[in-house]
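**Q** requesting a structural model of the entry that follows:
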Amino acid sequence: MASLFGTDGVRGVANQKLTPELALALGRAGAFVLTGAKKRPRFVVGRDTRISGDMLEAAFIAGVLSAGGDVLTAGILPTPAVAYLTRAVGAEAGVMISASHNPVPDNGIKFFSAQGYKLPAKIEQRIGELERNGGLPRPTGAGVGKRLPLEQGAQLYLHHLAQEVKVDLRPLTIAVDTAHGAAHKVAPALLRSLGARLTVINSDPTGTNINENCGSTCPQGLQQAVLETGANIGFAFDGDADRVLAVDEKGQPVDGDCILAILALRLKEKGLLPGNGVVATAMSNMGLEVALKKQGIELASAQVGDRYVLEGLQQRGWVLGGEQSGHIINLRYNTTGDGLSTALQLLQAMVETGLPLSQLAAVMKPLPQLLVNVPVSTKSGWQENKAIQTAILRAQQEFRGQGRILIRPSGTEPVMRVMAEGEKEPLLQEWVHKIAAVIEEQLS
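**A** Numbers count the residues shown, from 1 in each chain. A predicted model of the protein is given here:
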């Protein structure tokens, strides 16, 4: 049976695949698995701005309450805020209702342990088994849980950020794109509290406009805003603000690979990079490895997905890792990817060095890279498909060792991702589109 959980929790079209009934069952199963025999366990629950969030939040909370757990509602806050607050208030678990960078019809439910980490696969599997099988206890009377507001949750999170990454932003003008998402209030509040002059765009959520032609998946509006306002830097968050991409003062994008290179170099200079190592994924640009190697920093590769980056960090005792998408984990500050924290760390590097972002970003020279997302009806069987494997082999032969092809199914969307990287951009264009056409023909 296919796993209910993907690489980032349970995700699907809200009210079709991700139904209120499923949310309720996940609440009951999660309360049982994550809290054990403790009486009146507490969950911290947050959400993004999607219109389906009300429905799924209510159903999930009902499930926890029916299992005898209490719920502290954090309201609309970034995913990393939920991870932090779970630890800060001593709750037994945290849950974020969000589909991150996905379009508004989608939603998701992702769990955090009492320590603020996303759950290991074996724990998710246990929750999925109980969700399917049911049969859990149903307390009555005083045994039923309560729903309570988490007072000052946003303030607690913002205070934590400001204390952990100290930086005076009074010299800087910053443009911010909050993607009409979970950071639409807290990101401007944080940056203004530190003295920055702000231009804020895409910060008026309606429930149906999250990630719509904006945010980290569509930074063109932010690039324009930086140039029009003469900002020193711009930040584009995704819908739940666990990711951030930057734009330099010239309007050029700075992706997660480049942010990793900048932060790794600063940490090493300060003696704060354990093992002189960084964890990235197979999707990271080869230029990142080259840049880090020049600085005497090791790059370890993990499977695509922030959970695998985290596993790589924990196995090695390192602190810094991330993805090209802007999902950066620094375990000195939080247990998961944190867009606001990453933004502060990048701003701190600019203030401390006195250099503009364009000069900091010059530490890395990316190789040409092309990514195409292919919508498919199934993601199964592609590795055994003769036509797809033949196309991949032919591309590798054409590259003659001077490039690479990476094919992978998305863990959060019904698409296959086809990525090519190498020195000859026309060759990348040719073979990415050839392979994409074969995949579309075979899997649609």
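**Q** what is the burial count for residue 142?
**A** 7 (other CB atoms under 10 Å). (C-beta placed from N, C-alpha, C; glycine too.)
**Q** pretty sure it is in a helix, no?
**A** Yes - under DSSP: H, G, I helix; E, B strand; the rest coil, residue 142 sits within a helix.
**Q** now it: how far from residue 68?
**A** Using CB to CB, to the nearest Å, residue 142 is found at 10 Å from residue 68.
**Q** try residue 371
**A** 46 Å.
**Q** of those two, who's got more company?
**A** Using other CB under 10 Å as the criterion, residue 371 and residue 68 rank with residue 68 on top: 23 against 14.
**Q** right, and residue 312 touches residue 322 too?
**A** No - with contact defined as CB atoms under 8 Å, residue 312 does not reach residue 322; the gap is 10.7 Å.
**Q** residue 408 against residue 308, yeah?
**A** No - proximity of residue 408 to residue 308 does not meet the contact threshold set by CB under 8 Å, at 11.9 Å.
**Q** now do the helices in the stretch 201-350 of the chain.
**A** In the stretch 201-350 of the chain, the segments counted as helices under DSSP state H, counting those that start in this stretch are 220-229, 256-269, 286-294, 306-316, 339-353.
**Q** residue 366 is nearest to which of those helices?
**A** helix 286-294 (4.1 Å; CB to CB).
**Q** what's that closest one packed up against?
**A** helix 256-269, strand 298-302 (3 or more CB pairs under 8 Å, 6 or more residues apart in numbering; DSSP states H and E).
**Q** show residues contacting that helix.
**A** If you take CB atoms under 8 Å, 6 or more residues apart in numbering as the criterion, helix 286-294 is touched by 257-258, 260-261, 264, 278, 280, 298-299, 363-367, 404, 421.
**Q** please redo it, this time with the cut-off set to 6 Å
**A** Helix 286-294 is contacted by residues 257, 261, 299, 363, 364, 365, 366, 367 when judged by CB atoms under 6 Å, 6 or more residues apart in numbering.
**Q** now that helix, how far from the chain's geometric center?
**A** The chain centroid and the centroid of helix 286-294 are separated by 23 Å, computed with CA atoms, centre = their mean, to the nearest Å.
**Q** in it, what's buried?
**A** Residues of helix 286-294 classed as buried by neighbour count (16 or more other CB atoms under 10 Å): 286, 287, 288, 289, 291, 292.
**Q** is it possible to get JSON lines of the contacts of helix 286-294 that adds neighbour count, pLDDT and distance to residue 147?
**A** Shown next, in JSON lines, are those (neighbours: other CB atoms under 10 Å; pLDDT from 0 to 100; distance: CB to CB, whole Å):
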{"residue": "257", "neighbour count": "26", "pLDDT": "97", "distance to residue 147": "42"}
{"residue": "261", "neighbour count": "30", "pLDDT": "98", "distance to residue 147": "44"}
{"residue": "299", "neighbour count": "20", "pLDDT": "97", "distance to residue 147": "45"}
{"residue": "363", "neighbour count": "17", "pLDDT": "96", "distance to residue 147": "48"}
{"residue": "364", "neighbour count": "23", "pLDDT": "95", "distance to residue 147": "47"}
{"residue": "365", "neighbour count": "12", "pLDDT": "92", "distance to residue 147": "52"}
{"residue": "366", "neighbour count": "19", "pLDDT": "90", "distance to residue 147": "48"}
{"residue": "367", "neighbour count": "17", "pLDDT": "87", "distance to residue 147": "51"}
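**Q** test my guess that residue 14 contacts residue 108.
**A** No - contact criterion CB atoms under 6 Å: residue 14 and residue 108 do not qualify, at 8.9 Å.
**Q** wait, which of the buried residues of helix 286-294 is closest to residue 253?
**A** residue 287 (14.3 Å).
**Q** count residues in the vicinity of residue 119, would you?
**A** 21.
**Q** dump the residue contacts of it.
**A** Contacts of residue 119 (CB under 6 Å, 6+ apart): residue 111.
**Q** what's it sitting at in phi/psi?
**A** With angles defined as degrees, to the nearest 10, residue 119 sits at phi -80, psi 140.
**Q** go on, the one 10 residues further on?
**A** When quoted as degrees, to the nearest 10, the phi and psi of residue 129 stand at phi -60, psi -40.
**Q** do residue 75 as well
**A** The phi/psi pair for residue 75 (degrees, to the nearest 10) is phi 80, psi -150.
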